[in-house]
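S.K.: sequence and predicted model, in that order:
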Amino acid sequence: MSRSQLVAEHLPLLRRYARALTGSQASGDAYVGAMLEAMLQDPSVLDERYGPRAGLFRLFTQIWNSVSLNDDTGVATLPMPPERRLSNITPLPRQAFLLLSLEGFAEEEVAFILGTDVAEARRLADAAGREMAAEIATDVLIIEDETFIAMDLESLVESLGHHVLGFARTHKEALALAKKKTPGLILADIQLADGSSGLEAVNELLRTFEVPVIFITAYPERFLTGERPEPAFLIAKPFQPAMVSAIASQALFFARNAKRRKKEPTH
């Protein structure tokens with residue numbers, strides 16, 4: 001594939017990322033343009049150790065962190081309030097959050113793109129999750145049959161400012177808890193204590209209300225082959241707290257954005 005074809009393939013995703021990062025399509029495109037200029041002047045600046053896509057994002061990040069294009073006061077901000085809130089997160093944590101959650105890069109790729117190590121990339125993503133959670137705190141239902149894992153998840157989500165409605169160890173308990181109060185987020189295992197399925201419990205709950213769901217499981221293949229809700233997020237056990245933090249904030253952020261768009265009048 002030629003260099004121009006490579007850029008054309010990944011340019012739409014890079015523009016999306018730049019828009020979310022800067023809070024403005026015009027400002028984001030200015031940074032993408034600066035990156036393309038740098039590549040034209042010196043093609044060797046593209047580091048493809050982790051593949052061409054990660055290399056493009058790494059080069060874009062180097063431009064973003066070194067050139068003050070986003071100070072142009074004539075650039076209009078995006079009209080969607082959630083994306084404006086996202087742009088208020090501290091820059092480095094915002095980059096880690098978007099790369100991990102929106103763009104789907106692995107932690108090692110995020111570290112490469114940001115020019116840091118995996119531990120720091122996790123710390124930055126966790127910081128972003130905490131900053132965002134302050135604005136989107138909600139009630140969380142935890143469907144998990146292992147007590148210590150459930151307690152770890154409770155501690156994590158409460159440290160982000162959320163409130164845990166309770167723990168469910170079985171399909172039946174999950175339905176009973178959700179009847180008492182509708183959760184704003186569900187964290188669910190797939191294999192439950194009595195042999196019942198957390199996936200089936202979630203699908204039944206979602207017939208009566210809409211809520212973002214994150215499956216945290218040691219059996220990801222069951223999520224991929226079963227009847228799963230859309231959209232849903234998947235985290236494999238053993239999990240990293242920073243990953244749960246970032247994905248939870250992403251799920252709530254985009255769920256709220258989707259609800260707002262549904263409420264907007266159509267013309």
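M.R.: Perfect, I can see it now. Owing to the predicted nature of the structure, the values given are computational and were not obtained by experimental measurement. Residues are numbered from 1 along each chain as shown.
S.K.: just give me the residue right at the centre of the chain.
M.R.: Ser101 (2.7 Å; C-alpha atoms, centre = their mean).
S.K.: residues contacting it?
M.R.: Shown in contact with Ser101 (C-beta atoms under 8 Å, 6 or more residues apart in numbering): 125, 246-247, 249-250. Placement of C-beta: from N, CA and C, glycine included.
S.K.: got it, and Ala54?
M.R.: With contacts defined as C-beta under 8 Å, 6+ apart, the neighbours of Ala54 are 48, 105, 109, 112-113.
S.K.: redo that, cut-off 10 Å
M.R.: 10, 47-48, 99, 103, 105-106, 108-110, 112-113 (C-beta atoms under 10 Å, 6 or more residues apart in numbering).
S.K.: again, but for Ile63
M.R.: Counting by C-beta under 10 Å, 6+ apart, Ile63 touches 18, 30-38, 45, 69.
S.K.: repeat that with 7 Å
M.R.: 31, 34-35, 38 (C-beta atoms under 7 Å, 6 or more residues apart in numbering).
S.K.: start to end distance for stretch 158-170?
M.R.: End-to-end distance for stretch 158-170: 22 Å, by C-alpha to C-alpha, to the nearest Å.
S.K.: mind listing what's buried along it?
M.R.: Buried residues in stretch 158-170, defined by neighbour count with 16 or more other C-beta atoms under 10 Å: 160, 162, 164-170.
S.K.: picking up where we left off before, got a quick ChimeraX command for the buried subset of the contacts of Ala54?
M.R.: For the buried members of those, the matching ChimeraX selection, counting by 16+ other C-beta under 10 Å, is:
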select :10,99,103,105,109,110,112,113
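S.K.: so which pair among the contacts of Ala54 is furthest apart in space?
M.R.: Put simply, by C-beta to C-beta the two of these set farthest apart are His10 and Glu108, 18.5 Å from each other.
S.K.: any idea which helix or strand comes after the helix or strand of the chain with the lowest mean pLDDT?
M.R.: Least confident helix or strand, the chain: helix 81-87 with a mean of 46, by mean pLDDT, DSSP states H and E. Downstream of helix 81-87, the next assigned helix or strand under DSSP states H and E is helix 91-97.
S.K.: can you show me the helices along the stretch 101-250 of the chain?
M.R.: Counting by DSSP state H, counting those that start in this stretch, residue ranges of the helices within the stretch 101-250 of the chain are 107-114, 118-133, 147-159, 171-180, 198-205, 220-225, 241-263.
S.K.: columns mean pLDDT on top of the ones you listed, output as JSON lines?
M.R.: Output for these, formatted as JSON lines (pLDDT from 0 to 100):
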{"stretch": "helix 107-114", "mean pLDDT": "95"}
{"stretch": "helix 118-133", "mean pLDDT": "83"}
{"stretch": "helix 147-159", "mean pLDDT": "92"}
{"stretch": "helix 171-180", "mean pLDDT": "93"}
{"stretch": "helix 198-205", "mean pLDDT": "91"}
{"stretch": "helix 220-225", "mean pLDDT": "70"}
{"stretch": "helix 241-263", "mean pLDDT": "70"}
